[in-house]
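Enquirer: sequence and predicted structure, then a few things I'm wondering about:
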Amino acid sequence: MSAQTQMKVSDEVAISIDKMNKWYGTFHVLRDIDLTVYRGERIVIAGPSGSGKSTLIRCINALEEHQKGRIEVDGTVLSSDLKNIDKIRSEVGMVFQHFNLFPHLTILENCTLAPIWVRKIPKREAEETAMHFLEKVKIPEQADKYPGQLSGGQQQRVAIARSLCMKPRIMLFDEPTSALDPEMIKEVLDTMVSLAEEGMTMLCVTHEMGFAQAVANRVIFMADGQIVEQNNPHDFFNNPQNERTKLFLSQILGH
Amino acid sequence: MSDTHAHAVAYVRDTMLPQQPPPASEAGAVKWMRENLFSGWFNTILTLVAVYIIFRLLSGSLPWFLGGIWNADSLATCREVLDGATGGCFAVLTERWNQLLFGVAYPNDQYWRPTLAFVLLLVAVAPVLYPKAPRKMLIFTGLYPFVGFWLIWGGTIFAPLVGLLGFVVGYLLFKQVERQSFAGGAALAVVGALVTWWAGGFLVGAAEGVIALEPVPSRDLGGFMLNLILGTVCISLSLPIGILLALGRQSDLPIVKWICVVFIEFIRGVPLITLLFVANVVLAYFLPPGTNFDLVLRVIIMITMFASAYIAEVIRGGLAALPRGQYEAADSLGLDYGQSMRLIILPQALKISIPGIVNVAVGLFKDTTLVSVISMFDMVGMIRGPILASTEWNGVYWELWSFAILLFFVVCYSISQYSQWLERQLQRDHR
């Protein structure tokens, strides 16, 4: 526990997960997950495929339902109450592996839709905010195009901007670079790094270990639906303790 | 060119070649014909055979069209005038023109009313079909059902006004309560509208004849007008109902889902003609004695139910074609169910479903002719009944049915062309 205290960025708790369990039918995907995320922390979740990393962060904004245990996000306990879920979702941004932009709307409309309808912000103001964030991800000139006209890397940066337009307090990234060509991975990671530098609370499921080493202040390793090991990136990469972690790192860093 | 050295490899152009037209055989009609009609001995033979067939068809049918008789008062007169020459007897169309369009019983001096209603229909539909039309026109679209009703059925203007008032009252009540509870608002709106209509019923009864058009009972409607009324009303009602059924079928609420599944599967499992017979005869047994439930209204309900079940399945296909990520992205942004359906899911699902919806709409419009089987005098009913059975025009099949085919084809082909235009308008990829 002392190690964790040393790593935290602030005393304020952003997410607390307590003995959380999830099953797909009879398959036990997440087992007794305990996790506390402090405001301003950048956490990278790694692990072999099928270890439950994506499911874990999808439980945080209730895209997946957990069956046992307690999740508290930003002071709101996640329950099956729809109002409650919508409140948490509007505070937590999410970036998907396959971008999931809305293809029938322009880039600008993609970014202003939720602020206008969920936050009830006037259209003009929402558009200004959207342009601000599109400039931040460096594609303001694409505002009037449709997602289908953009490259994968550009689409993913729009997806990040779209989430940021809701002014979220927490950002979840579900393998944001896994569907991208190698030369486009960097432009997305750069955006994420600059976001981290501004103190955004971030949970990233990713295989980009370089990103983990550079940006994360905690790395969590999951296997078989459990948290196997967590540590600061330096100790995690240089001095892994668990056998599963050692095996995983040797496979992923071996070449 | 002359100043380049014979053995030098390097080369610099000093005069630019002007643009020249392609050889005559490589441009225009000649090139097109050579490539498309005479590109080989086999294709040349096919082309010649096709040209011969077209020639035979035209030489057989053109004299019939061109030599047609347009003015005569019976088939016998027609044959006298023709005197053995080839020619159609199109006089039946001119002589029975009004009957074909409006039916036998619609008062002759009131034909301007359905005609005006038809013209206004085009105005009302414009903002729905063309996104570029001024949005303010939608107000007229909202009022059109009441205007159209008054023009076609007549009676006092208070009847459609009370109808409209009921909707307005319901909407205002809904807006009042919507913030607290959506379901409560909806229930209150229904009650409010019903009370308005009930109270308004007395007003309409008392005001009979005040600012009134000559009332025309439903059984007097007929001709192509009846097909158009049924087609327009049923298509515009079945689309929203079909959307609700499709969403209901996907719902997590078991009772809603169950009701929608049973409704869709039942309606799809029976022939439309049996539903129409039910509307015509059987339904009367279930209603309290003495109630006069309008026949056209009963038919509209049946055709609408039939079409909405099909449209629901078409839209369900569109919903299923959307990637799950679209639902998740909408959810993750905090949009509630209504917003994510209205703003994200349905616009995309409906766009995918356009060909299927148009298929149902065209089919529905053609199926309105089935009402002739339950002795309503729509276009087909008119031709089969009053016109072909009359002593003057007994036996004029080709001319009458060609005319019916032409009218239906014009409408259905327009719908089809519009839908293709709309699909191109909504195209969002690879622009």
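Expert: Yep, that arrived.
Enquirer: what kind of secondary structure is the closest residue to A:Ser90 other than its chain neighbours in?
Expert: The shortest distance from A:Ser90 to any residue other than its chain neighbours is 3.2 Å, reached at B:Gly334 (CB to CB, 6 or more residues apart in numbering or on different chains). Glycine gets a C-beta too; all of them are placed from N, C-alpha and C. Taking DSSP: H, G, I helix; E, B strand; the rest coil as the rule, one finds B:Gly334 in the coil state.
Enquirer: could you report the pLDDT at A:Met1?
Expert: Among the per-residue scores, A:Met1 holds a pLDDT of 37.
Enquirer: phi, psi of A:Val95?
Expert: The main-chain torsion angles of A:Val95 are listed as degrees, to the nearest 10 and equal phi -120, psi 130.
Enquirer: go on, A:Trp23?
Expert: The main-chain torsion angles of A:Trp23 are listed as degrees, to the nearest 10 and equal phi -120, psi 140.
Enquirer: for the residue nearest to A:Ala216 when sequence neighbours are not counted, what are its contacts?
Expert: With sequence-adjacent residues excluded and distances taken as CB to CB, 6+ apart, A:Ala216 is closest to A:Val44, at 4.2 Å. Residues counted as contacts of A:Val44 (CB atoms under 8 Å, 6 or more residues apart in numbering or on different chains) are A:Cys204, A:Val205, A:Thr206, A:Phe211, A:Ala212, A:Val215, A:Ala216, A:Arg218, A:Val219, A:Ile220, A:Pro233.
Enquirer: give me that answer again for 10 Å
Expert: The neighbourhood of A:Val44, defined by CB atoms under 10 Å, 6 or more residues apart in numbering or on different chains, consists of A:53, A:173, A:202-209, A:211-213, A:215-221, A:233, A:236.
Enquirer: which intervals of the stretch 301-431 of chain B have sub-threshold pLDDT?
Expert: Applying pLDDT under 70 to the stretch 301-431 of chain B flags residues B:429-431.
Enquirer: and it, which residues reach chain A?
Expert: Within the stretch 301-431 of chain B, the positions adjacent to chain A are B:322-340, B:342-345, B:347-348, B:351, B:426-431 by CB under 10 Å from any CB of the partner chain.
Enquirer: B:Met137 - how many residues pack around it?
Expert: When counting by other CB atoms under 10 Å in any protein chain shown, one arrives at 16 neighbours for B:Met137.
Enquirer: coming back round to it: PyMOL command to pick out the buried ones of the contacts of A:Val44?
Expert: The buried subset of the contacts of A:Val44, as determined by 16 or more other CB atoms under 10 Å in any protein chain shown, is captured in PyMOL by this line:
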select buried, chain A and resi 53+173+202+203+204+205+206+208+209+211+212+215+216+217+218+219+220+221+233+236
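Enquirer: wait, B:Pro145 sits on B:Val125?
Expert: No: with contacts counted by CB atoms under 10 Å, B:Pro145 stays clear of B:Val125, the gap being 11.8 Å.
Enquirer: which neighbours do the two share?
Expert: B:Thr232, B:Ser236.
Enquirer: which residue does chain B have closest to chain A?
Expert: Chain B approaches chain A most closely through B:Gly334 (3.2 Å), counting by CB to the nearest CB.
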